[in-house]
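Trainee: Sequence first, predicted model second:
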Amino acid sequence: MKAALLHEAATPLTVEEIDIIDPRPNEVRVNTAVSGVCHSDLHFASGSWNPRMLGRGPWVLGHEAAGTVEAVGDQVTYVQPGDHVIMSFKPFCGTCKHCTSGRANLCASPSVYGPTRGRLSWDGKPVSMMSSVGSFAEQMVTVESGVLKIPDDMPWAEAALVGCGVMTGVGAALYTAQVPGGATVVVIGCGGVGLNVIQGCRIAGAAHIIAVDMLDSKLELAKSFGATDVVNASQRDPVEAVKEMTGDTVEYAFEVIGRGDTSRQAFDMVEAGGTAVVVGMVADDITVPGPAFLSEKRLIGCMYGSTRFREHMPKLMDLYRQGRLDLSALVTERMPLEDVNVAFEKMKTGEVARSVLEIGV
Ligand code: COD
Ligand code: ZN
Ligand code: ZN
């Protein structure tokens, strides 16, 4: 099958023929229909995150995808060939402490998660795949708990985006922060994930949603997803601007970029008792003033929007069907697998919400 291979960080991906195994007893093989291109893929491709975290190279990136089940192992009961599915980048073991306490998004059992080798090979050598998915390829193999069955009429691109950006962003608002109706919130970073935090806050009934980004084009997009006010951080200090706009009444602030300085901004923006949610994976340290904790501010992390994905993703698709969750406007560009490097370039310039690769549609 064809796959886009990363041989070395900071070099372009190359589309090549690779081999994929038959599913093992608890695994499913899926024909990829569509894969989104997320900033985490770019982080690994560019080397800003070391791809060795995913195992030894070469690597197949991609973790936001939907497709059709093609083959199943003989212990699999949840899906059968022909079923349409969304891939989860956090399969669960079902037996660990986190899985049995309703926090399967934190499952770290090596039996299902972690650097995934042994499923793909190139020229006889093993290939690692991203987050048990590896969707920049014509096929994917994952464990049974790594897929969600979806209705056949769900459009592919919209379904694929639910797998990462939508679930992470909307989940950060609804399930991690549990934003209450009437709240005042700030979202720093209005990319594919940040726009979903914004619409998650809108769905939760937040009264004031202030979007912060460096690009006016992203702020315009943010308004169409539910932002009530915007701040261009390239023109103003966002903490000052937000405090001035709200009279220091921000209850929740979300960092959706993955930087230490913007995480600090989120913490500084919230009022006493407020919560700063760090959605981005921050590679450097986050420094906050110790005495600020006397005001009962909270600084919390977020993994996959605290999702219980078999419960939450169908709810998001319900909201989409009702017209309350906008998935289609997130898809700015559709391109073939061969253009994956073009998708990365467009992400770097910030001109897209999401590019999707149409691989098997
Ligand atoms: N101030 C304000 N806005 C900024 C700044 C800044 N200093 N720097 C960049 N931005 C804006 C950009 O203009 C852009 O609009 C936005 O921030 C970033 O958007 P994208 O589209 O490039 O990135 P996303 O939305 O695809 O991904 C962002 C994440 C934070 C999710 C990602 O980078 C990450 O850290 N992922 C790991 C954590 C996670 O939740 N992973 C889930 C699977 S990815
Ligand atoms: Zn992602
Ligand atoms: Zn588990």
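Mentor: All right, it came through fine. Ligands and ions are numbered 1, 2, ... in the order given.

Trainee: was I right about G163 contacting M87?
Mentor: Yes - G163 lies in contact with M87 (Cβ atoms under 8 Å); the separation is 5.3 Å. The way it works is simple: take the backbone N, C-alpha and C, and place the C-beta from them, glycine included.

Trainee: what is in contact with those two at once?
Mentor: Residues touching both G163 and M87 by Cβ atoms under 8 Å, 6 or more residues apart in numbering: H63, E64, A65, A66, V133.

Trainee: which residues does the fourth one contact?
Mentor: Listed by Cβ under 8 Å, 6+ apart, the contact set of A66 reads 33-34, 84-87, 150, 154, 156, 159-160, 162-163.

Trainee: hang on, it in a strand?
Mentor: Yes - counting by DSSP: H, G, I helix; E, B strand; the rest coil, A66 is part of a strand.

Trainee: Just list whatever residues bridge to it.
Mentor: Legend: beta-bridge partners of A66 under DSSP bridges are V34, I86.

Trainee: so how far is E271 from it?
Mentor: 40 Å (Cβ to Cβ, to the nearest Å).

Trainee: One more: the last one?
Mentor: Shown here: V133 relative to E271, a distance of 39 Å by Cβ to Cβ.

Trainee: which one of those two has more residues nearby?
Mentor: V133 (30 against 18; other Cβ atoms under 10 Å).

Trainee: Find the nearest non-adjacent residue to that one, please.
Mentor: Leaving aside its chain neighbours, V133 sits nearest to H63 (4.3 Å; criterion: Cβ to Cβ, 6 or more residues apart in numbering).

Trainee: Which pair of the shared contacts of G163 and M87 spans the longest distance?
Mentor: Farthest pair in the shared contacts of G163 and M87 (Cβ to Cβ) is H63 and A66. Separation: 12.0 Å.

Trainee: Give me the common contacts of the two.
Mentor: M87, G163.

Trainee: for A204, what are its contacts?
Mentor: A173, L174, Q178, V179, P180, G181, A183.

Trainee: pretty sure T249 is touching A183, no?
Mentor: No - assessed by Cβ under 8 Å, T249 is found out of contact with A183, at 9.7 Å.

Trainee: Settle it for me: which of those two has more neighbours?
Mentor: Set T249 next to A183 and count neighbours by other Cβ under 10 Å: A183 wins out with 21 against 14.

Trainee: for that one, what are its contacts?
Mentor: Here A183 is in contact with C201, A204, G205, A206, A207, H208, E251, Y252 (Cβ under 8 Å, 6+ apart).

Trainee: Next step: those residues restricted to helices.
Mentor: Of the positions in the contacts of A183, C201, A204 sit in helices, assigned by DSSP state H.

Trainee: Output the contacts of A183 in TSV, with pLDDT appended to each entry.
Mentor: What follows is the contacts of A183, written out as TSV (pLDDT from 0 to 100):
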residue	pLDDT
C201	98
A204	98
G205	98
A206	98
A207	98
H208	98
E251	98
Y252	98
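
Trainee: Specify which member of the contacts of A183 is nearest to E17.
Mentor: Within the contacts of A183, distances to E17 taken as Cβ to Cβ reach their minimum at C201, with 44.6 Å.

Trainee: from what I can see the closest one touches V170, true?
Mentor: No - judged on Cβ under 8 Å, C201 makes no contact with V170 at a distance of 9.0 Å.

Trainee: Look at the two and report which has more neighbours.
Mentor: C201 (33 against 30).

Trainee: Tell me where the stretch 251-361 of the chain is predicted with low confidence.
Mentor: Filtered on pLDDT under 70, the stretch 251-361 of the chain yields no residues whatsoever.

Trainee: Report how many residues lie close to P12.
Mentor: 13.

Trainee: Report the contact partners of it.
Mentor: P12 touches N341, counting by Cβ under 8 Å, 6+ apart.

Trainee: Helix, strand, or coil at it?
Mentor: When classified by three-state DSSP, P12 comes out as coil.

Trainee: And the helices in the stretch 51-200 of the chain, which stretches?
Mentor: For the stretch 51-200 of the chain, applying DSSP state H, counting those that start in this stretch gives helices covering 156-161, 167-171, 194-204.

Trainee: can you pull the buried residues of stretch 212-230?
Mentor: Using 16 or more other Cβ atoms under 10 Å as the test for burial, stretch 212-230 gives 212-213, 215, 218-219, 221-222, 225-230.

Trainee: So which of the residues you listed sit within strands?
Mentor: V212, D213, D229, V230 (DSSP state E).

Trainee: possible to save those residues as TSV with pLDDT and distance to ligand 2?
Mentor: Below are those laid out as TSV (pLDDT from 0 to 100; distance: Cβ to the ion, whole Å):
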residue	pLDDT	distance to ligand 2
V212	98	20
D213	98	18
D229	98	27
V230	98	24
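
Trainee: between these, which is closest to L330?
Mentor: D213 (15.3 Å).

Trainee: What is the neighbour count of A10?
Mentor: 10.

Trainee: For P12, see how far away the spatially closest residue to it that is not a sequence neighbour is.
Mentor: Leaving aside its chain neighbours, A10 sits nearest to G47 (4.5 Å; criterion: Cβ to Cβ, 6+ apart). To P12, G47 is 13 Å away according to Cβ to Cβ.

Trainee: Next: G73.
Mentor: For G73, the distance to P12 equals 35 Å [Cβ to Cβ].

Trainee: And I21, by the same measure?
Mentor: Taking Cβ to Cβ as the measure, I21 falls 27 Å from P12.
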